[in-house]
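>>> Have a look at this fold, sequence not included:
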């Protein structure tokens, strides 16, 4: 309970979110989901005609990871000062190279929305593949665990019966 309270507190949430992104297997999946959400939301907003700075504010509100929210906020501030979108994403180190390269290409070619949608599609497909692989590994692990539990229960029942049998002789 104390950990859950700390992880939701203003002091603990950034620390926890940074650690979550560094988890061995799940960290990369969480990062990919966050990047896909960022790219899809920004592309949808830009296609709908929302100005870039307002779209960045909305994207920041949609994200749940405080580390990535800070990157989007800094990117918005840099854009307000006249910089491109790709440079702050590159400097942050939180977004993969594919994202900021595609954003830079989209900015130069005037196809930013299409590039963001392709990034979102790519990362969503990668998430589906990784989650599928994890679920396919989960089945054998669960079977082994169930076998161990059944063996423990069987031995728990049989051992006292065998001990009583040897005590009678």
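Received, thanks. If you're wondering where the values come from, they're calculated on a predicted model, not measured in any experiment.

>>> Tell me the helices and strands packed up against the biggest helix by length in the chain.
As assigned by DSSP state H, the longest helix anywhere in the chain is helix 112-168. Packed against helix 112-168 by the contact rule (3 or more CB pairs under 8 Å, 6 or more residues apart in numbering; DSSP states H and E) you find helix 26-47, helix 97-109. Any C-beta I mention is one placed from the backbone N, CA and C, and that applies to glycine too.

>>> Tell me the pLDDT of residue 68.
Looking at residue 68, its pLDDT reads 90.

>>> Show the contacting residues for it.
Listed by CB atoms under 8 Å, 6 or more residues apart in numbering, the contact set of residue 68 reads 17, 34, 35, 38, 94.

>>> Which one (most neighbours) among these?
Scoring the contacts of residue 68 on neighbours with other CB atoms under 10 Å, the highest-scoring entry is residue 38 at 28 neighbours.

>>> Let me see the contact set for the nearest residue to residue 106 once chain neighbours are set aside.
What sits nearest to residue 106 in space, not counting adjacent residues and going by CB to CB, 6 or more residues apart in numbering, is residue 115, at 3.1 Å. Residues in contact with residue 115, defined by CB under 8 Å, 6+ apart, are 102, 103, 105, 106, 109.

>>> Buried only: go through the residues you listed for me.
102, 103, 106 (16 or more other CB atoms under 10 Å).

>>> Return the member of these nearest to residue 136.
Nearest to residue 136 among these: residue 102, at 29.7 Å, using CB to CB.

>>> Pick the one among the buried ones among the contacts of residue 115 closest to residue 71.
For the buried ones among the contacts of residue 115, the nearest to residue 71 is residue 103 (12.6 Å; CB to CB).

>>> Quick check: which ranges of this protein have low pLDDT?
169 (pLDDT under 70).

>>> Nearest to the spatial middle of it, which residue is it?
residue 30 (1.0 Å; CA atoms, centre = their mean).

>>> wait, that one sits on residue 20?
Yes. Here residue 30 lies in contact with residue 20, judged by CB atoms under 8 Å, at a distance of 5.9 Å.
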